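Visitor: this is the structure alone, sequence omitted:
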């Protein structure tokens, strides 16, 4: 089955919000064996909605639409679709009950705007919304589906995964699509292409390879599609295995794995704990580690030592070391890692000190220079990196490099 | 002038990456007075590229395309466009020099894949790429533009803002588009719609209003377009002023302002400093504060006290308070805020303690319960919040609420 996604909202076309909904929807459709052939963003305009439907209804079996179902005046999707399919808007008691209950639970008074959300096109199925007042709309025409969801991401996500997809899967026989993604760190795209070129050129014709670079991380995606899910999975697994033999620990995980979850899992398995002392990464490594549910098992805490006197007073860094070598130096970052490990009584201590930018760079230590140290149970490692000119990507790259140092150390110590 | 954006890449259609490029490009085009009428994402396929160009070339004056210019085998945009415009791929010496120089600077050996990147369609202008090896391609046809940029965000951003837009602006007379966005926090969308309903219904016809909700923050966007930039700006400013009189400090900023930058600026102006003690937000508030360039002027540091023994040993929280009231309680969060303020010798201390989820909730304190405290120079405030079931949005909302408490306190103290 072929699908298209249409996101409605001026805010997307003027670049005010990033359309994250499409990525989620296409990921979920894909897993279910539905191929997304196009994603389109259009403005809150009846004409644009009509044009998109005219264009897409012949090429696709399913159109998933988001946005414009809210209670305010710029929400025009519902009346536009009623007009397109030539249906009246009628009061739906089920929708009204849902909205009333929603407000009662939250002890908020319901207003006329919310009541209007219970007006829905006739002959249109309603899709429950557990987290908001705007219910989804499901139109069927010419054995095809047009499904409209609210634009608020967590409302849309619950609606899609709990109601829409289970229903679609039940009603249609879908082909298998198998993707596996191999996540690597520390290797540039063109270098990677050389390392794996022989493997790549020997890939079976039905397996497609894609390179997905992002700061600090390069992912390789293998895709295969057909009718036999088991055999596709087997074929792809075989290739992933071969790739593993070539890349070894350059691979840190598969299929959405993150460095923070992988490192966290290694800590959990080896019953070790970690703490962080961050200067240039400013709390980002702590945030990444704690973004993983259950991280309290191995992450004890951290210090963001942004000011030098915090480094001196709270972490007990030697003031003379800072004066002599600067805060961005091997001696200082080493002391930071060892100090946080002792202070928080953990097995590992991570420390970062660098020049994130845009200011603070010198000829000797340009913006992007970052020292990272890892205090291990038996020794302390320190490494210098040169990341580049962008504050944001410097912080992301330094965080990835630090988590990778932790990961590799735990792996080595268990060998 | 009308523009469309086409992003190429299977990874977008299978939901593996979020298309952030389109948001950036449309934002920049919009500022320059170019209207984006559609954003389309398609797969790495010649047929899809051809189809998109066939569809869009009649409706638009400019098509901006990203992706598929890299050195690897899945990068097919260049040969596809050469075929579409019926042009040969020829070696371009300028491009080859650029690539060679790029590798020399980084002391990396250039390989055949990189050399191939210097093959470009004839009669096609090259756009410099300061940060990568893939140069941009600029085709002109029927007095229209097709401009292709690499998909790597920071390469694309530099290319667009330093080369492509200045050139387009120089060559075309563009109409004015004026947007102003009013950022608010602490008010739900339907409540806001009621508060401002009278103002909204009295808006001049040429000014359009949009509600842009996100966790913890609701933005209101006013848009106007026409030929006289000055008068449009004046009209919109007038309305923003009226809105300010209604909403007062519910508004925290305008046009892309963030709570962390606004609170930071208030600290800077009043020569005050802040430190944070985070439990459930896990470093996110520190990360937000340090994401602002120049934040070292007012942010001294933080402690992420995830484990209770870190709260006790490092922050000196009374063990009995934790045993009696639990870590998620007013007495504990108050002590945390006061302790971090004293430890880091700052004027303000922020503390958070809550149940982010998915586990750890109880009947009395369900997931989403968060205590936030703010130690001020003269007193300490503490407030309890109930955010909801999502770990990720709980952390975002708690961080926004904490930064907002800081913002409001500084404003009040200066009145």
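Guide: Received it, and whenever you're ready, just let me know what you need. These numbers were taken from a predicted model, which means no experiment stands behind them.
Visitor: distance of residue A:225 from chain B?
Guide: 11 Å (CB to the nearest CB, to the nearest Å). Every C-beta, even on glycine, is put in place using the N, C-alpha and C of the backbone.
Visitor: ok, now residue A:234?
Guide: 20 Å.
Visitor: so residue A:277 is in which element?
Guide: Following DSSP states H and E, one finds residue A:277 within strand A:274-278.
Visitor: what's the average pLDDT for the helix or strand just after that strand?
Guide: The helix or strand immediately downstream of strand A:274-278 is helix A:284-290, counting by DSSP H and E. The average pLDDT for helix A:284-290 rounds to 97.
Visitor: quick one: contacts of helix A:284-290?
Guide: By CB atoms under 8 Å, 6 or more residues apart in numbering or on different chains, the residues outside helix A:284-290 that reach it are A:258-260, A:263-264, A:274, A:276, A:278, A:295, A:299, A:301-302, A:304, A:350, A:352, A:395-396, A:399, A:402-403, B:278, B:282-284, B:286-287, B:304, B:306.
Visitor: burial count for residue A:378?
Guide: By other CB atoms under 10 Å in any protein chain shown, 7 other residues sit near residue A:378.
Visitor: that one belongs to a helix?
Guide: No: with DSSP: H, G, I helix; E, B strand; the rest coil as the criterion, residue A:378 is coil rather than part of a helix.
Visitor: pLDDT at it, what is it?
Guide: For residue A:378, pLDDT reads 94.
Visitor: now swap in residue A:107 and tell me
Guide: 68.
Visitor: check the one 5 residues further on too.
Guide: We note a pLDDT of 79 for residue A:112 in this prediction.
Visitor: can you name the residues that contact it?
Guide: Residue A:112 neighbours (CB under 8 Å, 6+ apart): none.
Visitor: hmm, try it at 10 Å
Guide: Under the criterion of CB atoms under 10 Å, 6 or more residues apart in numbering or on different chains, the neighbours of residue A:112 are A:71, B:190, B:193, B:194, B:197.
Visitor: buried members of these into PyMOL, please.
Guide: Under the burial definition 16 or more other CB atoms under 10 Å in any protein chain shown, those of the contacts of residue A:112 that qualify are selected in PyMOL by:
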select buried, (chain A and resi 71) or (chain B and resi 190+193+194)
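Visitor: dump the contacts of residue A:112 into JSON lines; add distance to residue A:388 and pLDDT as well.
Guide: Shown next, in JSON lines, are those (distance: CB to CB, whole Å; pLDDT from 0 to 100):
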{"residue": "A:71", "distance to residue A:388": "45", "pLDDT": "77"}
{"residue": "B:190", "distance to residue A:388": "45", "pLDDT": "82"}
{"residue": "B:193", "distance to residue A:388": "44", "pLDDT": "91"}
{"residue": "B:194", "distance to residue A:388": "48", "pLDDT": "91"}
{"residue": "B:197", "distance to residue A:388": "49", "pLDDT": "94"}
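Visitor: now, which of the contacts of residue A:112 sits nearest residue B:17?
Guide: The shortest gap between residue B:17 and any of those belongs to residue A:71, at 32.2 Å (CB to CB).
Visitor: report the contact partners of that closest one.
Guide: A:99, A:111-117, A:132-134, B:189-190, B:193-194, B:211.
Visitor: again, 6 Å this time
Guide: A:113, A:114, A:117, B:190 (CB atoms under 6 Å, 6 or more residues apart in numbering or on different chains).
Visitor: how close does the second one get to chain B?
Guide: Relative to chain B, residue A:114 is positioned 6 Å away (criterion: CB to the nearest CB).
Visitor: and the worst-scoring helix or strand of chain A on mean pLDDT, what's buried?
Guide: Ranked by mean pLDDT, DSSP states H and E, the helix or strand of chain A with the weakest confidence is helix A:112-116, at a mean of 81. By neighbour count with 16+ other CB under 10 Å, helix A:112-116 contains the buried residues A:113, A:114, A:115.
Visitor: quick one, phi psi at the spatially most central residue of chain A?
Guide: Nearest residue to the geometric centre of chain A (CA atoms, centre = their mean): residue A:256, 8.1 Å. Main-chain dihedrals, residue A:256, degrees, to the nearest 10: phi 90, psi 0.
Visitor: which SSE is the residue of chain A positioned farthest from its centre in?
Guide: In chain A, the greatest distance from the average C-alpha position (CA atoms, centre = their mean) is reached by residue A:320, at 42.5 Å. Assessed by DSSP H and E, residue A:320 sits inside helix A:319-325.
Visitor: got the angle for the helix or strand following that helix vs strand A:274-278?
Guide: For helix A:319-325, the succeeding helix or strand toward the C-terminus, using DSSP H and E, is helix A:330-343. Orientation check (axes from the mean of the first three to the mean of the last three CA atoms, to 10 degrees): helix A:330-343 against strand A:274-278 gives 140 degrees.
Visitor: just the buried residues of helix A:330-343, please?
Guide: A:331, A:332, A:333, A:334, A:335, A:336, A:337, A:338, A:339, A:340, A:341, A:343.
Visitor: quick one: average pLDDT of it?
Guide: 97.
Visitor: cool, stretch A:11-22 as well?
Guide: 90.
Visitor: what's the span of that stretch from first residue to last?
Guide: Start-to-end span of stretch A:11-22 (CA to CA, to the nearest Å) is 15 Å.
Visitor: gap between stretch A:158-170 and the chain center?
Guide: Taking CA atoms, centre = their mean, to the nearest Å, one finds the center of stretch A:158-170 at 21 Å from the center of the full chain.
Visitor: what do you get for stretch A:295-307?
Guide: The mean C-alpha position of stretch A:295-307 is separated from the chain mean by 22 Å, CA atoms, centre = their mean.
Visitor: that stretch close to chain B?
Guide: Yes: applying CB under 6 Å from any CB of the partner chain, one finds stretch A:295-307 touching chain B at A:296, A:299, A:300, A:301, A:302, A:303, A:304, A:305, A:306, A:307.
Visitor: regarding the fourth one, what is its secondary structure?
Guide: Okay, so that is residue A:301. strand.
Visitor: so it touches residue B:310, yeah?
Guide: Yes: assessed by CB atoms under 6 Å, residue A:301 is found in contact with residue B:310 at 3.9 Å.
Visitor: coming back round to it: each with direction, which strands does the strand holding residue A:277 pair with?
Guide: Sheet pairing here is set by DSSP bridges, and for strand A:274-278 it gives strand A:299-305 (parallel), strand A:348-354 (parallel).
Visitor: most tightly packed of those strands?
Guide: strand A:299-305 (a mean of 31; mean count of other CB atoms under 10 Å in any protein chain shown).
Visitor: what's that strand in contact with?
Guide: A:273-279, A:282-283, A:286, A:289, A:311, A:314-315, A:344, A:346, B:286, B:301-307, B:310.
Visitor: I'd like the next helix or strand past it.
Guide: Moving toward the C-terminus from strand A:299-305, the first helix or strand encountered (DSSP H and E) is helix A:308-313.
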